[in-house]
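Return a 3D structure for these sequence lines:
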Amino acid sequence: MTKLQCGKCNYEFEKEKVPNRCPYCAAEDTIEPYKTAQDWLNETEI
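This is a model prediction of the structure:
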């Protein structure tokens, strides 16, 4: 299972496949892999 998050409403959920729509707000094409605090830090390191 992959942890995912909606880019519009920030709803977090786990699914095998990435859906087209958010299961909470129904926004289309807003699903991204969930990022932990460490992921954010790794992206901003110089």
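
Show me where this protein has its helices.
37-44 (DSSP state H).

and the gap between residue 31 and residue 42?
21 Å (C-beta to C-beta, to the nearest Å). Heads up, the C-betas are built off the backbone N, CA and C, glycines and all.

Name the residue in those two with the higher neighbour count.
The neighbour comparison of residue 31 against residue 42 (other C-beta atoms under 10 Å) goes to residue 31, with 21 against 10.

which ones are touching residue 38?
By C-beta atoms under 8 Å, 6 or more residues apart in numbering, the contact list for residue 38 is empty.

CA atoms only: put the least confident helix or strand in the chain by mean pLDDT into CSV for me.
When the helices and strands of the chain are scored by mean pLDDT, DSSP states H and E, helix 37-44 comes last with a mean of 89. Presented in CSV, the C-alpha positions along helix 37-44 are these (Å, rounded to 0.1, in the frame of the first residue of the first chain):
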residue,chain,number,x,y,z
ALA,A,37,8.8,16.0,7.3
GLN,A,38,12.0,14.3,6.4
ASP,A,39,11.1,14.3,2.7
TRP,A,40,10.5,18.0,2.8
LEU,A,41,13.9,18.6,4.5
ASN,A,42,15.7,16.4,2.0
GLU,A,43,14.2,18.5,-0.8
THR,A,44,15.4,21.8,0.7
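
Okay, now the unreliable bits of this structure?
46 (pLDDT under 70).

Apart from its neighbours in sequence, what residue is nearest residue 22?
Nearest in space to residue 22, with sequence neighbours left out and distances taken as C-beta to C-beta, 6 or more residues apart in numbering, is residue 6 at 4.0 Å.

Good, wrapping up.
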